[in-house]
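Asker: For reference, the sequence and a predicted model appear below.
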Amino acid sequence: MDKTEDTVGSKDPLLLSLMAIARYEHVPCSDTMLVSGLPLHEGRLTPELLVRAASRIDMKASVVERTIDQISNLVLPAILILKDNQALVLLDIVDNNSVAQVYCPEQDVEQEISIPDLLQQYTGLAIYIKPETQYEARALHDIAPKRAHWFWGTLSHSWRIYRDVLVASFLINLFALANPLFVMNVYDRVVPNNAIETLWVLALGVSVVYIFDYILKTLRVHFIEVAGKKSDVLLSAYIFERVLGAKYDQHPPSVGAFTGQLRDFDSVRNFITATSVTAFVDLPFTVLFLVVIGYLGGPIVWIPIVIIPLIIVFSLVVQAMLNKAVANTFVASAQKNATMVEAITNLSLVKVLNAEGKILRNLEKAVGLLAYWGVKTRVLSNSATGFAGFMQQMASVLVVIVGVYLISAGELTMGGLIACVLLTTRSLMPLAQVAGLLVQFQQSKMALTSLEEIVNRQQERPNDRHFIKRIKLQGNVEFKAVNFVYPGDDQPTLKDVSFSLKEGEKVALIGRLGSGKSTMNNLIAGLYQPTSGAILIDGIDIKQIDPAELRANLGYVPQDSSLFYGSIKENIAYRDVYVDDQEIIRVAEVAGVSAFSNLHPHGLARMIGERGDNLSGGQRQAISIARGLVNSPALVLLDEPTSAMDNASEAKLMENLKEELADKTVIMVTHKTSLLRLVDRVIVMDGGRIVADGPKDTVLEALKKGQVRVS
């Protein structure tokens, strides 16, 4: 097995093992490609996360419990999970099953180990990995293999549980016959004959049935909740992974409304719990009760047979009206969430502008709409539930009336009548329960439609896309006739932009507001794709490079220095989960973070609040710059990096950056002439076009003399 190259994940045995097997199967990959965006545990893959990582390179992994002698050579190589969070790759078992040939990822060596020694370390968990079958497009034509639906496919993972629930439901509904039959026999046989012994035998038998009924109901609820929880965890992770993995141009216009959409998953989650599932599972067993009613009461069975369609028709009519009410409730809720999130996010600005009244008016309007449609929804829901209950009561009355006539005719006994009344009520109960769940059903249906739109958004790293593996970029950049229009806009931001940068070259982008300077950095960072034209990184179209690998080689300091809740150290380390403390301290010194963190009792461990609200604008910029310099990326994008800094801090930063960026490609957007000392070339933008490009002194002199035409 080929030796592994140095990787940022060199301390993660599972990651290294997966990469080793990928090389064995001739599947190109890198650690960044595999782990980017995964919720690593203490910077490492877990067996469950390895399955997700493998799927990114079209490999299928499954975690199994196996003894060494149960592992067939046909599934090798396989990963063995060892004690103390270690792992190795099992390559072969030789010498009459007494010696194992293994690859040790952390030592990067192949060696032989005796089976007894291996058993002392082996936990009993193995991971089988194999490439997924790939078909050529010419072989598929119009018959492409179907992928499991993200929602129903996840639920199907628990099909064995739902199968057992169905069996339990059949028995529970069968046991429900015990009470009517017990009462019928008591009235018809025990009471007329004073058969006390028979009474106790019947009572004992029905009690045993009730005990099993209780046990089955308890187990059914438990397993439905277990299946629901499992699906909930998988679906929640999948939905948010799709949100984070979507192309940036797919981001929602309103964060608050979008957050409300994600919260709507609660409706779906509640609908797959025991109450809802049992109601729908019990529905088909209505037929069983109708058969028994027909057997005992003859024509009485026509009463529930007529009542059932009436309940169904009424429920369908109500559901049609509920559809509009629930849809409007969702819209009003999204409007309320958008208003609240926007106000809280900009709370200081709201206060300074004295805009509390306007915000509150918008909120009250949204809450009023929400309350109106909420009331309408509840009224409609209660009408369906009430009608189902009313029809249950009327069915009981009609059964008694018809039963009395049948008793008079000698065609039915008193016990049979009571049994028919009980069975009629029981047969209509699932319908009444389903009627009560109409609102929940509509909310879940609406939420599922909304979530469908979210998970179907175009992804930066789609499963069917194979990127070129580029572990290290050099920093060459070229724009070829690039045009760009922002989504939802009709005016181009960039028009026929062409230029090239060689490795180590440093350029400043200057120009009026809205001339397209920041847009160029956003395109290089892969946040947007050109409308037309091409962007080349090291001579390769940027569309061929994995966005995660591109950004791992890219230091990006945006105009808005956004930070996350946590410590200064955690914010600097966001770019790389494997970065060590020495590198964090180094970039903190370069960016000027140490100048204020060293004066605080907690130093780099200081908590900075959400968005870095506990810091000044200049301090936030310093942390943002430090974050962009982690691991010395080959290409650095700076967008107004010192706009909030004082002159002394800026001067010190420029001195440090001069040395730090000496061998790097730098593209800097700025309006400050003081920052131009970092660059040797200037590009002037105006109206989305390049109007000047050349050596710094030449371009600046041309600007002074008015030789560059800027609108």
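Answerer: Everything's here; your move.

Asker: Lowest-scoring secondary structure element of the protein by mean pLDDT?
Answerer: Across the helices and strands of the chain, mean pLDDT, DSSP states H and E gives its lowest value to helix 137-140, namely a mean of 54.

Asker: Name the next helix or strand downstream of that one, please.
Answerer: helix 152-156 (DSSP states H and E).

Asker: Now find how far off-centre the very next helix or strand once past that next one is within its chain.
Answerer: As assigned by DSSP H and E, the chain's next helix or strand after helix 152-156 is helix 159-175. When distances are taken as Cα atoms, centre = their mean, to the nearest Å, helix 159-175 is centred 31 Å away from the chain's centroid.

Asker: Where does pLDDT dip in the stretch 1-150 of the chain?
Answerer: Along the stretch 1-150 of the chain, segments meeting pLDDT under 70 span 1-10, 133-147.

Asker: Let's see that with 50 instead.
Answerer: For the stretch 1-150 of the chain, residues meeting the criterion pLDDT under 50 lie at 2-9.

Asker: Tell me which stretches of it form helices.
Answerer: Counting by DSSP state H, counting those that start in this stretch, the stretch 1-150 of the chain has helices at residues 13-24, 31-35, 47-55, 115-121, 137-140.

Asker: Turn those into TSV, columns for distance to residue 105.
Answerer: Where C-beta positions appear, they are placed from N, C-alpha and C, glycine not excepted. Below are these laid out as TSV (distance: least, Cβ to Cβ, whole Å):
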stretch	distance to residue 105
helix 13-24	3
helix 31-35	12
helix 47-55	12
helix 115-121	14
helix 137-140	35
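
Asker: Export those helices as JSON lines, with columns for distance to residue 249 and mean neighbour count.
Answerer: Shown next, in JSON lines, are the helices of the stretch 1-150 of the chain (distance: least, Cβ to Cβ, whole Å; neighbours: other Cβ atoms under 10 Å):
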{"stretch": "helix 13-24", "distance to residue 249": "31", "mean neighbour count": "23"}
{"stretch": "helix 31-35", "distance to residue 249": "22", "mean neighbour count": "24"}
{"stretch": "helix 47-55", "distance to residue 249": "25", "mean neighbour count": "19"}
{"stretch": "helix 115-121", "distance to residue 249": "49", "mean neighbour count": "13"}
{"stretch": "helix 137-140", "distance to residue 249": "27", "mean neighbour count": "8"}
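
Asker: Out of these, the one nearest residue 180 is which?
Answerer: Residue 180 lies closest, by Cβ to Cβ, to one member of the helices of the stretch 1-150 of the chain: helix 47-55, at 48.7 Å.

Asker: Sticking with residue 331, tell me its helix or strand.
Answerer: Using DSSP H and E, the element containing residue 331 is helix 302-345.

Asker: Ok, residue 520 next?
Answerer: Assigned by DSSP H and E, residue 520 falls in helix 517-524.

Asker: any idea of the mean pLDDT for that helix?
Answerer: Averaging pLDDT along helix 517-524 yields 92.

Asker: same question, stretch 623-636
Answerer: On average, stretch 623-636 scores 92.

Asker: helix, strand or coil for the most centrally placed residue in the chain?
Answerer: Against the mean C-alpha coordinate of the chain, by Cα atoms, centre = their mean, the closest residue is residue 240 at 2.1 Å. Under the three-state scheme (DSSP: H, G, I helix; E, B strand; the rest coil), residue 240 adopts helix.

Asker: Which neighbouring elements make contact with the helix or strand residue 371 falls within?
Answerer: Secondary structure assigned from DSSP H and E places residue 371 in helix 356-408. Counting contacts by 3 or more Cβ pairs under 8 Å, 6 or more residues apart in numbering; DSSP states H and E, helix 356-408 packs against helix 286-297, helix 302-345, helix 414-436, helix 438-455.

Asker: please redo it, this time with the cut-off set to 7 Å
Answerer: With contacts defined as 3 or more Cβ pairs under 7 Å, 6 or more residues apart in numbering; DSSP states H and E, helix 356-408 has these neighbours: helix 302-345, helix 414-436, helix 438-455.

Asker: quick check: angle from it to helix 286-297?
Answerer: With axes from the mean of the first three to the mean of the last three Cα atoms, to 10 degrees as the basis, helix 356-408 and helix 286-297 are set at 30 degrees to each other.

Asker: which parts of stretch 409-416 are buried?
Answerer: Under the neighbour-count criterion of 16 or more other Cβ atoms under 10 Å, stretch 409-416 has 412-413, 415-416 buried.

Asker: In CSV, list those along with pLDDT and distance to residue 67.
Answerer: Listed next are the buried residues of stretch 409-416 as CSV, based on pLDDT from 0 to 100; distance: Cβ to Cβ, whole Å:
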residue, pLDDT, distance to residue 67
412, 88, 65
413, 89, 64
415, 89, 60
416, 89, 61
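
Asker: returning to what we had before: distance of the residue nearest to the centre of the chain from residue 263?
Answerer: According to Cβ to Cβ, to the nearest Å, residue 240 stands 12 Å off from residue 263.

Asker: Also residue 116?
Answerer: Taken as Cβ to Cβ, the span from residue 116 to residue 263 is 54 Å.

Asker: same deal with residue 15?
Answerer: 34 Å.

Asker: same thing with residue 87?
Answerer: Taking Cβ to Cβ, one finds residue 87 at 38 Å from residue 263.
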